[in-house]
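Peer 1: Predicted model and sequence below, questions to follow.
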Amino acid sequence: MTNKNKMLPGMFDDGIEFFVDNDRVKVLSSGSVKDFTELPFATIQILKDEIKKDKRARAHLLDLHPVGEYKRLEQFVKCRFGGLDYTADISHEGIQDGEYWDCPLHGNCASEGVLCKAVSINGSPMSAQDIQLAKLLATDHTNELIASEMNLPLGSFHLAKKKLYQRLGVRTKQEVTTLSHRHNLI
């Protein structure tokens, strides 16, 4: 079954799915979309416990919002679970470790990789260039156009593409696209 046919978590199950909409954190739960301010106490406690377990994340959150605990919770959720996807952020199985989403601050955030999830596919960490390349490979652009958009000479583009394919264990653009979709890159 493809993701197109799946229901989002929180629609018809006990899952909770957080996502960012116009820079505001929303929650899909119990079949409806709610504002982050409407979270039940039990969900807030799960988030607090998760922050408590991660000393680095807690320190970054305190730097970002030294006064407001609620703002720290919201920032944590925004960074860690900002993408709308088909995997519940909180379910009866627990809280997921995070997900990649296309945050506008990627590459310019001191908390990158601490509050948000660093992208790793098949155990291979993805650099910003890898992510850009994977996104562009999922388009109908030619290799020449992708190289141009990445400001790479064609030979360097082919080398970067070859290394990405090797690390991901794929052979085609279609396989890169499938993995990219599965990991919220596209």
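Peer 2: Done, it's in.
Peer 1: ok, which stretches of the chain are strands?
Peer 2: 17-21, 24-29, 32-35, 90-91, 94-95, 120-121, 124-125 (DSSP state E).
Peer 1: mind putting the ones you listed in a markdown table, mean pLDDT, distance to residue 68 and mean neighbour count included?
Peer 2: Heads up, the C-betas are built off the backbone N, CA and C, glycines and all. Shown next, in a markdown table, are those (pLDDT from 0 to 100; distance: least, CB to CB, whole Å; neighbours: other CB atoms under 10 Å):
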| stretch | mean pLDDT | distance to residue 68 | mean neighbour count |
| --- | --- | --- | --- |
| strand 17-21 | 94 | 18 | 21 |
| strand 24-29 | 95 | 14 | 20 |
| strand 32-35 | 94 | 16 | 12 |
| strand 90-91 | 94 | 22 | 20 |
| strand 94-95 | 92 | 22 | 14 |
| strand 120-121 | 80 | 31 | 16 |
| strand 124-125 | 78 | 32 | 12 |
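Peer 1: To residue 183, which of those lies closest?
Peer 2: Residue 183 sits nearest to strand 120-121 of all these, at 5.5 Å, using CB to CB.
Peer 1: partners of the closest one in the sheet?
Peer 2: strand 124-125 (antiparallel) (DSSP bridges).
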